[in-house]
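Trainee: turn this into a structure:
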Amino acid sequence: MTIKTPKTKLSQEDSDLFRQAVGDTRPLPTASERHTQRPLQKPLPKTNRTGLKISRDDLLGHAHDINQLETNEQLIYLGNGLQKQTLRKLRRGQFPIEDQLDLHGLKQQSAEELILEFINHAIESGYRCINIIHGKGLRSESTRPVLKTLCNHLLRRHPAVMAFISAKPADGGTGAVIVLLKHDKNFQGD
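Mentor: Next comes the predicted model:
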């Protein structure tokens with residue numbers, strides 16, 4: 001519904017005052033003028049993720065000494081663009097755990113390789129939710145939990161990981177992490 005307001009005639013003095021206040025401004029372009037003024041950009045093509053290789057160096061970055069990395073008691077991560085509701089569902093167990101990996105007693109390098117193999121296997125199998133038991137690091141030679149820190153760092157950088165959270169006490173508590181994976185069989189790791 002359009003409401004028309006009656007036009008009132010301005011006095012010459014008011015018109016001159018208005019022109020002085022406005023100065024050398026220009027009216028904004030109309031919607032149709034704005035649309036044609038901007039050059040059209042070609043849309044970016046979708047990237048093909050088939051054959052994407054993920055190496056340990058890519059995931060660890062420059063932190064080759066795992067003791068340089070930090071971790072909190074409770075692990076929690078939510079990928080960009082995801083809602084907090086995803087974490088709540090993960091915490092409540094609304095995603096059934098479809099496979100589990102136990103890293104107890106492994107050295108850092110063996111654990112790295114096994115985590116990558118396990119994630120690749122889970123993706124190939126079509127699993128969405130997995131449990132990685134890393135332990136609490138109470139018997140670690142360093143003062144920090146090595147495998148827990150490694151899991152935290154690797155999982156945050158892995159492109160197939162959407163979210164993760166420390167497990168419920170029945171599933172391992174802060175010694176395990178529940179991981180939600182993207183449902184994409186095109187990810188491959190080294």
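Trainee: from now on I want contacts and neighbour counts done on CA atoms only, so please keep to that.
Mentor: Fine.
Trainee: tell me what the helix ranked longest in the chain is packed against?
Mentor: Looking across the chain with DSSP state H, the single longest helix is helix 108-124. Contacts defined by 3 or more C-alpha pairs under 8 Å, 6 or more residues apart in numbering; DSSP states H and E place helix 108-124 against strand 99-102, helix 146-157, strand 187-189.
Trainee: what comes up buried for that helix?
Mentor: 111, 112, 114, 115, 116, 118, 119, 120, 121, 122, 123 (16 or more other C-alpha atoms under 10 Å).
Trainee: for stretch 159-168, buried residues please.
Mentor: Buried residues in stretch 159-168 (16+ other C-alpha under 10 Å): 160, 161, 162, 163, 164, 165, 166, 167, 168.
Trainee: report pLDDT for the second one.
Mentor: What that stands for is residue 161. As predicted, residue 161 sits at a pLDDT of 95.
Trainee: and the nearest residue to it once chain neighbours are set aside, what does it touch?
Mentor: Nearest residue to residue 161, sequence neighbours excluded (C-alpha to C-alpha, 6 or more residues apart in numbering): residue 181, at 4.7 Å. Applying C-alpha atoms under 8 Å, 6 or more residues apart in numbering, we find residue 181 in contact with 123, 127, 128, 129, 130, 160, 161, 162, 163.
Trainee: about what we covered before: now, among the buried residues of stretch 159-168, which is nearest to residue 144?
Mentor: Proximity of these to residue 144 was ranked by C-alpha to C-alpha; the top entry is residue 166 with 16.8 Å.
Trainee: was I right about that closest one contacting residue 176?
Mentor: Yes: applying C-alpha atoms under 8 Å, one finds residue 166 in contact with residue 176, separated by 5.8 Å.
Trainee: ok, which stretches of the chain are helices?
Mentor: So, for the chain - with DSSP H - the helices run 12-22, 31-37, 56-60, 84-92, 108-124, 146-157.
Trainee: got CSV for these, with distance to residue 73 too?
Mentor: Output for these, formatted as CSV (distance: least, C-alpha to C-alpha, whole Å):
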stretch, distance to residue 73
helix 12-22, 62
helix 31-37, 53
helix 56-60, 20
helix 84-92, 16
helix 108-124, 19
helix 146-157, 9
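Trainee: remind me which residues of the chain are low pLDDT?
Mentor: Across the chain, the ranges flagged by pLDDT under 70 are 1-6, 31-72, 139-143, 184-190.
Trainee: show me the two of the buried residues of stretch 159-168 that sit farthest apart.
Mentor: Using C-alpha to C-alpha, those span at most 22.4 Å, a distance reached by 160 and 168.
Trainee: and residue 95, what does it touch?
Mentor: Here residue 95 is in contact with 89, 128, 129 (criterion: C-alpha under 8 Å, 6+ apart).
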